[in-house]
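K.L.:
fold the stuff below for me.
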Amino acid sequence: MSPRATDSSIELPPLLALESARATDAAGLEEEVLDLFDTFRDSLLRYVCAFGISVSDGEDLVQEVFLALFRHLRGNGGRSNLRGWLFRVAHNLALKRRAQRRREQDRFHADERAAHLVLDPVHNPEEQLTDREQRERAMAVLNALPERDRHCVHLRGSGLRYREIAQVLGISLGGVAKSLTRSIARLQRAIEG
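P.N.:
Numbers count the residues shown, from 1 in each chain. The predicted model follows:
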């Protein structure tokens, strides 16, 4: 046997073992990302749609977020506060997508359209009218809020803590508190009439 054949036969099993380990790690990583997808998909979709992105574009964007997460974790990226990481990536991608859509067409307000389509079959017509008027007033106030305040409200509605909101938006914790206090007071006044 030549020395070259001996060297390659010695190196082959560790390479196969390494490939097998990588395949096992990738399968475990894929399962972890899918579990996170199941957990955060809906809240991320609501958040990106709050940027005025259509639901179909939002679904594409959420898939991009989880693809970025897979790459991040495969590259041994940090695992602390993955929820905050997901929302931060979604935030950045949504800003890019919105800028792209603004150049292509007028801004589409998914929240406004949804507010007009949602009806509660339990209420009588007067209650439906009152509810719709309250929703419209709340949506008008929400859409009139400064962009940062609007994002704070949407992120808080998605279940993020103040510290996570501050991290996602790149503002101070006090700024988040002031923004939410001011925004919620305005929304309450709008709902109460």
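K.L.:
low-confidence stretches in this structure?
P.N.:
Applying pLDDT under 70 to the chain flags residues 1-25, 105-123, 193.
K.L.:
got the domain ranges for it?
P.N.:
Domain assignment for the chain by automatic domain parsing gives 11-108, 109-193.
K.L.:
need these in CSV with mean neighbour count, can you?
P.N.:
C-betas here are computed from N, CA, C, even on glycine. Shown next, in CSV, are the domains of the chain (neighbours: other Cβ atoms under 10 Å):
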stretch, mean neighbour count
domain 11-108, 15
domain 109-193, 15
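K.L.:
show me where this structure has strands.
P.N.:
Here the chain has no strands by DSSP state E.
K.L.:
quickly note the distance from residue 49 to residue 157.
P.N.:
12 Å (Cβ to Cβ, to the nearest Å).
K.L.:
for the residue sitting nearest the centre point of the chain, give its distance to residue 70.
P.N.:
Of all residues in the chain, the one closest to the mean position by Cα atoms, centre = their mean is residue 44, 2.7 Å from it. Residue 44 sits 15 Å away from residue 70, going by Cβ to Cβ.
K.L.:
ditto for residue 81
P.N.:
According to Cβ to Cβ, residue 81 and residue 70 sit 17 Å apart.
K.L.:
what of residue 125?
P.N.:
From residue 125 to residue 70 the distance is 49 Å (Cβ to Cβ).
K.L.:
helices of this protein, residue ranges please.
P.N.:
According to DSSP state H, the chain carries its helices in the segments 3-49, 55-74, 82-104, 110-117, 125-144, 147-157, 162-169, 173-192.
K.L.:
helices or strands up against the fifth one?
P.N.:
Read that as helix 125-144. Packed against helix 125-144 by the contact rule (3 or more Cβ pairs under 8 Å, 6 or more residues apart in numbering; DSSP states H and E) you find helix 110-117, helix 147-157, helix 173-192.
K.L.:
residues making contact with the longest one?
P.N.:
The set of residues external to helix 173-192 that reach it, using Cβ atoms under 8 Å, 6 or more residues apart in numbering, is 134, 137-138, 140-142, 145, 148-150, 152-153, 156, 162-163, 165-166, 169, 171.
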